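Asker: sharing a sequence plus its predicted fold:
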Amino acid sequence: MRAPQRLVLALAFAAGVAFPAFAQETEPAQGGLVQTPILTIDQDQLFGGTLWGKRVAARIEAASADLAAENRRIEAELTAEEKALTEKRPTLPPEDFRRLADSFDARVTEFRNSQDRKARAIARIHDAERQAFFQAALPVMAEVLRGHGAIAVLDNRAIFLAADAIDATDEMIARIDAELGPGADVAVPEEAEGGETAPAPGARALPAPDLPGSGN
């Protein structure tokens, strides 16, 4: 359980808050809402199940497919260039071949670094979109919380046992879809200096393209 969640429960028990039994909690209040002091959600299901999350998944899939196709095209071009250079080797003075080979190696390295940066940018889409989603969805989630008379929403992964009636994931997905829709593409932040940005959890980071060497 994360620290803020432990704190919420610790403060509640320390203050002598009386949590009603599940049988009492699950009785619908006016309007059909279940009154309960605690709601739970599955954060991954909440994000992935919304129109917003589905748009993000499609965005990442399309970008990944485009990059994979570009990787294959570049690999084919460089492989053909490498083959042509190897065939020329017997007819070239050693210093001329070395100059061409070094130039080829430099282009291979440049392409590989460029494709690596693009792959990391795709991985950052998930983090940027997820952060923007929860910022936009927070007021809607707060409305659901108030409608249930709840004082806290916890991630269900931090709970050992809970009644199904307090899981508000599906309700929040429906409310968020109705009020936010699919959202718009969020700009991806620039890579930090050094290129050490870690892939977002759950994001699909593409492997480095398998580019040929100079063959010399």
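Answerer: Happy to help now that I have it.
Asker: I'd like the average pLDDT over the helix ranked longest in the chain.
Answerer: The longest helix of the chain (DSSP state H) is helix 94-147. Per-region confidence: helix 94-147 scores 92 on mean pLDDT.
Asker: got it, and stretch 156-168?
Answerer: Confidence for stretch 156-168, expressed as mean pLDDT, is 70.
Asker: span of it from start to end?
Answerer: Distances were taken as Cα to Cα, to the nearest Å; on that basis the terminal residues of stretch 156-168 are 10 Å apart.
Asker: picking up where we left off before, and the following helix or strand past the longest helix of the chain, which strands flank it?
Answerer: Using DSSP states H and E, the helix or strand that follows helix 94-147 in sequence is strand 152-155. Strand 152-155 has these partner strands in its sheet, going by DSSP bridges: strand 38-41 (parallel).
Asker: list the buried ones in the partner strand?
Answerer: Taking 16 or more other Cβ atoms under 10 Å as the basis for neighbour counts, the residues of strand 38-41 that come out buried are Ile38, Leu39, Thr40, Ile41. Quick note: C-beta positions are derived from backbone N, CA and C, even for glycine.
Asker: how about stretch 75-86?
Answerer: Glu75, Leu78, Glu81, Glu82, Leu85.
Asker: what's the angle between the helix or strand where the fourth one lies and helix 94-147?
Answerer: Secondary-structure assignment from DSSP H and E places Glu82 in helix 51-88. Going by axes from the mean of the first three to the mean of the last three Cα atoms, to 10 degrees, helix 51-88 is angled at 170 degrees with respect to helix 94-147.
Asker: what is the mean pLDDT for helix 51-88?
Answerer: When the per-residue pLDDT values of helix 51-88 are averaged, the result is 94.
Asker: who are the packing partners of it?
Answerer: Under the contact criterion of 3 or more Cβ pairs under 8 Å, 6 or more residues apart in numbering; DSSP states H and E, the helices and strands touching helix 51-88 comprise helix 43-49, helix 94-147, helix 169-180.
Asker: figure out which of the ones you listed is closest to Ser64.
Answerer: Counting by Cβ to Cβ, Ser64 lies closest to helix 94-147 out of the helices and strands packed on helix 51-88; the figure is 5.8 Å.
Asker: any chance of the buried residues of strand 38-41 in CSV, plus pLDDT and distance to Ile151?
Answerer: As requested, these are exported to CSV (pLDDT from 0 to 100; distance: Cβ to Cβ, whole Å):
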residue, pLDDT, distance to Ile151
Ile38, 82, 7
Leu39, 87, 9
Thr40, 85, 13
Ile41, 89, 15
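Asker: of those residues, which is the nearest to Glu143?
Answerer: Taking Cβ to Cβ as the measure, Leu39 is the one of these closest to Glu143, at 12.0 Å.
Asker: which residues does the closest one bridge with?
Answerer: Val153.
Asker: which residues are in contact with it?
Answerer: The contact partners of Leu39, taken as Cβ atoms under 8 Å, 6 or more residues apart in numbering, are Val144, Leu145, His148, Ala150, Ala152, Val153, Leu154, Ile166, Asp167, Ala168.
Asker: let's see it at 10 Å
Answerer: Contacts for Leu39 were tallied using Cβ atoms under 10 Å, 6 or more residues apart in numbering; they are 141, 144-145, 147-154, 156, 162, 165-169, 171-172.
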